[in-house]
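*Asks:* Okay, structure incoming, though there's no sequence with it:
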């Protein structure tokens with residue numbers, strides 16, 4: 001588990017310290033929606049050949065990644081019995097787990113477990129999938145009254161379909177709806193009372209909307225998919241009700257496979273684009289290989305595999321996209337060329353609405369392995385060869401320096417650096 005600051009700098013790594021001669025986690029999911037906590041779920045494989053599975057739920061401290069507690073929900077001599085695939089935090093801090101139960105030769109049933117914040121099981125249920133074939137609950141949500149909604153899909157190779165199942169706070173069935181010709185990989189409870197599914201419609205990346213009873217409303221495609229097959233994998237909603245989704249398309253260059261899209265509460269696409277990165281080789285085709293989260297200002301961060309050639313370990317790439325565009329008017333340029341032979345530049349990106357507090361500085365053409373000290377002022381200026389150097393200072397009047405924790409930046413391999421601003425604490 002890795003925690004990054006808003007600028008992408010690693011704050012800590014946490015090795016979960018699984019004991020065993022050969023052990024690892026599969027089908028992992030993570031939730032950090034409650035401040036101070038990070039909860040992780042997965043299937044712990046403890047033997048290289050027999051592959052005995054254990055359902056693991058781990059609670060970490062968000063401050064440093066140390067393990068607060070670890071629970072093993074089930075243990076089995078069959079590979080898939082009790083498999084967990086999803087973890088969510090409820091409004092009261094409860095932990096909602098979804099997955100499947102192996103009925104020992106009679107197929108797989110969608111499974112749900114509700115635990116307290118300290119890991120005690122409150123209730124669990126396996127749902128009868130009679131007449132629908134093997135199915136796995138791959139995502140779930142829980143509301144303020146304890147009502148649970150499950151998204152389940154069939155086993156790999158079966159005809160795609162989406163099943164939305166609603167349970168009351170005690171696990172009793174409220175409704176159960178299946179829709180064919182669609183695929184689903186993630187479920188979202190929207191503030192407008194609808195359920196949104198990231199997946200596919202007739203093979204193309206799409207978002208599917210369902211009403212509060214699980215009845216299908218509509219599907220919405222992704223313009224950036226350009227008519228190519230694929231799927232949307234994960235989705236999140238911001239406080240304004242805008243849904244941000246990430247997925248993949250199956251055609252295009254190796255660096256142009258990840259899709260990022262945003263939709264308003266009615267399902268209308270606001271924008272979509274392709275990002276660098278691709279999904280890693282998946283253990284199971286039912287689960288997406290890319291993920292998405294929002295920072296505290298509503299900017300999406302996506303996770304994918306970097307398209308690095310070679311036979312070594314793959315690399316993960318985290319991309320932060322700023323909602324909005326270029327802000328302000330440039331002046332005092334171009335700069336004097338630096339040791340790269342190019343003039344450095346600085347841009348302000350985000351939104352000009354100060355109340356949203358969503359502005360970032362984007363620096364480019366900087367020498368690598370140097371320090372970028374950012375200055376700011378209310379006034380423009382023009383001082384050449386400032387401090388006896390070759391550069392030009394384009395500020396006047398009182399000048400503030402960004403020297404707080406994490407504000408002095410180090411350019412990356414492309415000579416770029418970024419700083420997300422706090423408008424209420426700008427240096428004077």
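*Replies:* Okay, I see it. It should be emphasised that the depicted structure is a prediction, and the values quoted were computed from it without experimental measurement.
*Asks:* show me where pLDDT drops low in the stretch 251-400 of the chain?
*Replies:* For the stretch 251-400 of the chain, applying pLDDT under 70 flags the ranges 251-256, 277-288, 306-314.
*Asks:* Centre-most residue in the chain?
*Replies:* residue 292 (2.0 Å; CA atoms, centre = their mean).
*Asks:* What residues are bridge-paired with that residue?
*Replies:* The partner list for residue 292 in beta bridges (DSSP bridges) reads residue 302.
*Asks:* contacting residues for it?
*Replies:* 234, 235, 236, 244, 245, 246, 260, 300, 301, 302, 303 (CB atoms under 8 Å, 6 or more residues apart in numbering). In this view, the C-beta of every residue, glycine as well, is placed from N, C-alpha and C.
*Asks:* One more: residue 12?
*Replies:* Contacts of residue 12 by CB under 8 Å, 6+ apart are 2, 3, 64, 65.
*Asks:* Equivalent analysis for residue 1, please.
*Replies:* 13, 14, 16, 30, 38, 40, 60, 65 are the contacts of residue 1 under CB under 8 Å, 6+ apart.
*Asks:* And for residue 381?
*Replies:* Neighbours of residue 381 in contact, by CB under 8 Å, 6+ apart: 393, 394, 395, 396, 397.
*Asks:* show me what contacts the third one?
*Replies:* In this structure, residue 395 makes contact with 375, 376, 377, 379, 380, 381, judged by CB under 8 Å, 6+ apart.
*Asks:* before we move on, what about residue 332?
*Replies:* 380, 382, 392, 394 are the contacts of residue 332 under CB under 8 Å, 6+ apart.
*Asks:* run the last query once more with 6 Å
*Replies:* residue 394 (CB atoms under 6 Å, 6 or more residues apart in numbering).
*Asks:* ok, it to residue 376 distance?
*Replies:* 14 Å (CB to CB, to the nearest Å).
*Asks:* same check, this time on residue 149
*Replies:* 47 Å.
*Asks:* cool, and residue 198?
*Replies:* Residue 198 is 40 Å from residue 376, by CB to CB.
*Asks:* the more surrounded of the two?
*Replies:* residue 198 (29 against 15; other CB atoms under 10 Å).
*Asks:* Now find how far off-centre stretch 349-367 is within its chain.
*Replies:* 22 Å (CA atoms, centre = their mean, to the nearest Å).
*Asks:* what comes into contact with it?
*Replies:* Here stretch 349-367 has contacts from 297, 322, 324, 326-327, 338-340, 342, 344-348, 372, 411, 415-421, 423, using CB under 6 Å, 6+ apart.
*Asks:* what do you get for stretch 238-255?
*Replies:* In contact with stretch 238-255 (CB under 6 Å, 6+ apart) are residues 191, 196, 198, 205, 207, 225, 228-237, 257-263, 265, 276, 279, 290, 292, 294, 298, 300, 302, 307.
*Asks:* so residue 301 touches residue 290, yeah?
*Replies:* No. Look at residue 301 against residue 290 with CB atoms under 6 Å: they stay out of range, at 11.3 Å.
*Asks:* higher neighbour count, those two?
*Replies:* residue 290 (26 against 19).
*Asks:* one step back: make a ChimeraX selection of the buried ones in the contacts of stretch 238-255.
*Replies:* Command for ChimeraX that selects the buried part of these, burial taken from 16 or more other CB atoms under 10 Å:
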select :196,198,205,207,225,228,230,231,232,233,234,235,236,237,257,258,259,260,261,262,263,265,276,279,290,292,294,298,300,302,307
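*Asks:* taking the contacts of stretch 238-255 one by one, which sit in strands?
*Replies:* The strands, defined by DSSP state E, take in 196, 198, 205, 207, 230-237, 258-263, 292, 294, 300, 302 from the contacts of stretch 238-255.
*Asks:* Who does the closest residue to residue 223 other than its chain neighbours form a beta bridge with?
*Replies:* The spatially closest residue to residue 223, leaving aside those adjacent along the chain, is residue 272, at 4.9 Å (CB to CB, 6 or more residues apart in numbering). Beta bridges link residue 272 to residue 261 when assigned by DSSP bridges.
*Asks:* show me what contacts residue 88?
*Replies:* By CB under 6 Å, 6+ apart, the neighbours of residue 88 are 31, 96.
*Asks:* how close does it get to residue 408?
*Replies:* Distance from residue 88 to residue 408, by CB to CB: 37 Å.
*Asks:* go on, residue 10?
*Replies:* Applying CB to CB to residue 10 and residue 408 gives a distance of 16 Å.
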